[in-house]
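Asker: Could you look at this predicted model? Sequence included:
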Amino acid sequence: MRLIKSEIEQLEQRYRATLINSLAGFRQAVLVGTQSASGAENLAIFNSLIHLGANPALFGLISRPDSVPRDTLKNILETKVYTLNFVSSKYYEKAHQTSARYASSVSEFDQVGLHSSRLAEYKAPFVQEADVKMAMTFEQHIPIALNGTVMIIGSVQFVEVNGDIVGSDGYVDLAAADVLVSQGLDAYFVAQRIGRLPYAKPQ
């Protein structure tokens, strides 16, 4: 297949979306937990998690345009808190189902069979089944004028990692935890590490 820009733009809409999304490659599947200002829980899968820095610890998420209701985006902007949760591959069907457009008053936790858990210090719900849990505070909202998407930047307030997967150097072995990886909008995988290399220096 060889396509120039004008040909890509003329593709059928759903085909084009699937093609371009899958070209972005393998990405971390993350379940984002939020709570509305009125107390309704929300859970949604994202595959756009971006590491922005370690000091301070920052992660970004890309949200689609808010031309239709986006409960996760709305809740983050209203409450300023949310959670990031990595689940193992055995939950891939439940994780995917959180992408369905449930009413704002409906809890995706209840609908898909995952369980929310709470810590008193944080208002947003965690996924009880997650092997990696992070509490986030909203820091910045960056509109992307080119396509109407939005980058949400948050700072890490709390981290919980299940099992013995954190090495002596701080490396979190997500492959050992069998955490879910995604490609495109609907394909899921597990990661297999092929090795770790030392910090690269000129020969």
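Answerer: Thanks, I have the structure now. Residues are numbered from 1 along each chain as shown.

Asker: Return the set of buried residues in the longest helix along the chain.
Answerer: Of all segments of type helix in the chain, defined using DSSP state H, the longest is helix 13-23. For helix 13-23, burial by neighbour count (16 or more other C-beta atoms under 10 Å) applies to Thr18, Asn21. Backbone N, C-alpha and C define where each C-beta goes, glycine included.

Asker: Kindly report the same for stretch 155-163.
Answerer: Ser155, Val161.

Asker: With stretch 108-117 instead?
Answerer: In stretch 108-117, counting by 16+ other C-beta under 10 Å, buried: Glu108, Phe109, Val112, Leu114, Ser116, Ser117.

Asker: Go through the residues you listed and say which is closest to Ser88.
Answerer: The shortest approach to Ser88 among these belongs to Leu114, at 11.9 Å (C-beta to C-beta).

Asker: can I assume the closest one is in contact with Lys94?
Answerer: Yes - counting by C-beta atoms under 8 Å, Lys94 is a contact partner of Leu114 at 5.5 Å.

Asker: So for the worst-scoring helix or strand of the chain on mean pLDDT, could I get the coordinates as PDB, restricted to C-alpha?
Answerer: Within the chain, no helix or strand scores below helix 13-23, which has a mean of 91 by mean pLDDT, DSSP states H and E. This file holds the C-alpha atoms of helix 13-23, laid out as PDB (Å, rounded to 0.1, in the frame of the first residue of the first chain):
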ATOM      1  CA  GLN A  13     -13.900   7.600   7.400                       C
ATOM      2  CA  ARG A  14     -13.900   4.500   9.500                       C
ATOM      3  CA  TYR A  15     -11.200   2.800   7.400                       C
ATOM      4  CA  ARG A  16      -9.000   5.900   7.600                       C
ATOM      5  CA  ALA A  17      -9.400   6.100  11.400                       C
ATOM      6  CA  THR A  18      -8.500   2.400  11.800                       C
ATOM      7  CA  LEU A  19      -5.500   2.700   9.500                       C
ATOM      8  CA  ILE A  20      -4.000   5.800  11.100                       C
ATOM      9  CA  ASN A  21      -4.700   4.700  14.700                       C
ATOM     10  CA  SER A  22      -3.000   1.300  14.100                       C
ATOM     11  CA  LEU A  23       0.000   3.000  12.500                       C
END
